[in-house]
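A.B. asks: build the 3D model from these lines:
(2 chains)
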Amino acid sequence: MRHTVFLRFFLPTALAMLTFIALPIVSVLVQSVYAPHERVVVEVENCTPFGCVKSTVIDQEATRKLQEERPLGRFVGGDIYVDRSHLAFAELGQAWNGAATWHEFVRRLMTLPFYKALAFTLTYMLFVTPLSIMLGFFVALAVNALPRLLRGPTIFFSLLPMIVTPLVGALILFWMVDSRGIIGSAVQWLAGDDDLSLKASTPLTWIMLIVYGTWSTAPFAFVVYYAGLQTVPQDTLESAMLDGASRWHRIRYIVLPHLLPLTTFMFLIKIMDNFRVFEPIVSFNASAHAQSLSYFIYSDLAETRLLSSAAATSVLTVGGVLVLLSPVLVRTWRQFGKA
Amino acid sequence: MFYKVKSAFFLAALLAAGTAQAQTNCGATSGRVNIVGNEFPAIRSVAAQATRCQTGSLTVRSNLTANHQRINLAGMQGNPAEYTSAIVATSSIVELMNNNVLRPLDALVAAHGADIPRNQLITIDGRVMAVAFMANSQHLVYRKDILAQIGAEPPKTYEEMIRIGRTLRERGIVRNPIGGAYQAGWNLAQEFVNMYIGHGGEFFRPGTPEVAVNNAQGIAALNTMKALTELMNPDFLTHDSNATSAEWRAGNVAMMNMWGSRTGVLMAREGNQPQVSDNTTVGAPMTVGGGRIPATTLWWDGWTVARNVSDDDARATFLALKHGTSPALLNAETMGQAVWMIAGYQPAPANKGVMDTMAMGAKPYPMLPYMGLLHTALGDGIAPFLQGRKDAATTLADIEAAYRTAARERGFLR
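C.D. replies: Predicted structure coming up:
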């Protein structure tokens, strides 16, 4: 393709990406290094139907002038990135110097919100990514082995977790794992402990979220693999069968290598998705046990309007995704570099 | 036949409404009124009553949603503002005050509000910023049949509540006798606020945004909360007011601290087992730790007028909402929806708890510009203590640190 033709094709996409992806990221970056102006607080008397009390309000006149002079707020540089709600370097140093053992250091680290959230986010990602891809692969193999007549309905049922709206699916499971729900009661019966509650225990909540994550995202891997399985060269498979290769050998030496590019692609997508885990925490009401970086952004924006803090967490999330993806990206780069 | 009667009745009601609409004279003839507010029966009634002021040249609209706090600020910052009025409560007015989007009502009150009782006016720094129309609070709700089984009087203190709860569990009468909205986040923080006030604590050093909850009262408040949760459904950290009410209606709970605005539904025959609805009784709020001030907070709901609207629209909004919360609002249907601060209001049994709260001199929820930041820090920080993963002093120290970080970012602290 000639360069001019390529440019003409690519220009609309490039413009859209610039407007809707690059510019917002820049604006988030700018937001994260500015904070609201200092507020002048004055003491006043407030009267309500319940009597008068001494209270405080923001001195609007004093703040308005500052606001008009510098509408972006005050420049704070990297302060927000290193404060206690984010990378918490000062607290980290204290924990490192103050802790006698590794155990003590980790315990202190886990009292810092960012690292606590990172611990859950990474655990979730490390389990859900391979588990959902593996589950999807096995379902695809199983469906592919079915007689044609049964395939349609089976595909439909296998896709259900993805068709059901995530919030609704999670809510149904949330009721089932309630200590009075069917799964909750079953677990109590199995463990012989009537006070056992999936929702009250942090490890069990994590397991529940991971199971839900695997269940709800496996269909994506299934669809991709099922499509991939249709492209596996039949003559190679047949000649392997003539050579006496078992089903396992055929999968191991023919199907898997054939599907490797798809697997890489899926790992890429899944790592990104799972690093931004959010919905299950909200719908399972699990914020007491598990928080993620996306959950922080949500609660900063919705509850306390800490826009700068939310922006800083966003930038850190983008950075985290880039770090996680870098091995795969480098690999892809090399492959295409060679070609 | 029945259908016909019903439709005839409906038609009559429509006609009545139509004539009422035609007759209603709110004093405003033109302008634009747009109300944003929370969604529950009492507020729906107020908005409907205000809408009656509508004429050919005066439009009255409303947007009532549980997520009103996410849209009211943005909807009032434009010029002209989309919403000419926000219906707010003790805590939600603060964010609007912080951003200076509310219009002082003194001139409008002087010109058109001579008949509004003085005690309904919310004044901040000497200026009228809102007009309150209803009160709300949390207080004791109990099952009289269950307490009668062990011959216990309804608890007056949290210590009594815990003692009765233990007896009920030991005797095998109720497995998890105590209920409460302890969902991590806003609800959990609210319970701490109650308990801390009950123990006589102050949240901030007076007149400053310097937080001060890591003290003996704070630790005592946390310990009382923990003792209560040991008698609750083990899923308590996921139970908000709705889930707690559901547990109550299922007959699983004997005593709880619950919002007055939610008791009517629990005591109604409709939709409940008679065993539960007939025995649900409303009590006064409890005290704690030998304190005299009840461990609860008083809340008002009131209406405001936006700053960034024309004087005509502001006047129309004032008059429409004044009509919306006038004695004309009260009828058989609306009477029991809230504890109204409107002349002619007669409390129903379900409203006794809120009346008692006011009579006992409970404190209002603190209306401070930075209280929301502390509330959020509390809501995030208390759960590890209740789960037994942190001791009380560390929990409070971490909450203070989280608050300071947020307050520094918002510019309240250096």
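
A.B. asks: out of everything not next to it in sequence, what's closest to residue 144?
C.D. replies: By default, I'm working from chain A. Leaving aside its sequence neighbours, A:Asn144 sits nearest to A:Leu229 (C-beta to C-beta, 6 or more residues apart in numbering or on different chains; 4.9 Å). (C-beta placed from N, C-alpha, C; glycine too.)

A.B. asks: the chain in question should be chain B.
C.D. replies: Excluding the flanking residues, the one nearest B:Lys144 by C-beta to C-beta, 6+ apart is B:Thr281, at 4.7 Å.

A.B. asks: Three-state assignment for that neighbour, please.
C.D. replies: Put simply, B:Thr281 is strand when judged by DSSP: H, G, I helix; E, B strand; the rest coil.

A.B. asks: how about the one 4 residues further on?
C.D. replies: Using three-state DSSP, the structure places B:Pro285 in coil.

A.B. asks: hmm, back to that, now do the contacts for the residue nearest to A:Asn144.
C.D. replies: Shown in contact with A:Leu229 (C-beta atoms under 8 Å, 6 or more residues apart in numbering or on different chains): A:140-141, A:144, A:255, A:259.

A.B. asks: out of those residues, who's the most crowded?
C.D. replies: Highest neighbour count within the contacts of A:Leu229, by other C-beta atoms under 10 Å in any protein chain shown: A:Ala140, with 24 neighbours.

A.B. asks: pLDDT weak spots in the chain?
C.D. replies: All of this refers to chain A. Chain A contains residues with pLDDT under 70 at A:1, A:337-339.

A.B. asks: to clarify, I was referring to chain B.
C.D. replies: Along chain B, the model assigns pLDDT under 70 to residues B:1-24.

A.B. asks: what about residue 195, neighbour count?
C.D. replies: Using chain A here. The number of residues packed around A:Asp195, counting by other C-beta under 10 Å, is 12.

A.B. asks: let me rephrase: I mean chain B.
C.D. replies: Neighbourhood size, B:Met195 [other C-beta under 10 Å]: 25.

A.B. asks: CA atoms of stretch B:149-158 as CSV?
C.D. replies: Extracted C-alpha coordinates of stretch B:149-158, given in CSV (Å, rounded to 0.1, in the frame of the first residue of the first chain):
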residue,chain,number,x,y,z
GLN,B,149,-41.0,-13.9,76.3
ILE,B,150,-38.1,-13.2,78.6
GLY,B,151,-40.0,-10.5,80.6
ALA,B,152,-37.6,-7.7,79.4
GLU,B,153,-38.5,-4.0,79.2
PRO,B,154,-37.5,-2.3,75.9
PRO,B,155,-33.8,-1.2,76.3
LYS,B,156,-33.1,2.4,77.2
THR,B,157,-29.3,2.0,76.7
TYR,B,158,-27.1,0.1,74.3
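
A.B. asks: quick one: contacts for residue 88?
C.D. replies: I went with chain A, as the question did not name one. A:82, A:112, A:114-115.

A.B. asks: I was after chain B.
C.D. replies: The contact partners of B:Val88, taken as C-beta under 8 Å, 6+ apart, are B:37, B:72, B:96, B:130, B:301-304.

A.B. asks: B:Val253 against B:Gly179, yeah?
C.D. replies: Yes: look at B:Val253 against B:Gly179 with C-beta atoms under 8 Å: they come within range, at 3.8 Å.

A.B. asks: need the overlap of contacts for those two.
C.D. replies: Residues touching both B:Val253 and B:Gly179 by C-beta under 8 Å, 6+ apart: B:244, B:247.

A.B. asks: more neighbours: which of the two?
C.D. replies: B:Val253 (29 against 26).

A.B. asks: name the SS class of that one, please.
C.D. replies: Strictly by three-state DSSP, B:Val253 counts as coil.

A.B. asks: mind giving me the domain ranges of the chain?
C.D. replies: Just going to use chain A. Residue ranges for the domains of chain A, per automatic domain parsing: A:81-111, A:122-290.

A.B. asks: that answer is for a different chain, and I need it for chain B
C.D. replies: Taking automatic domain parsing as the criterion, chain B consists of the domains B:17-136+B:299-352, B:137-297+B:355-409.
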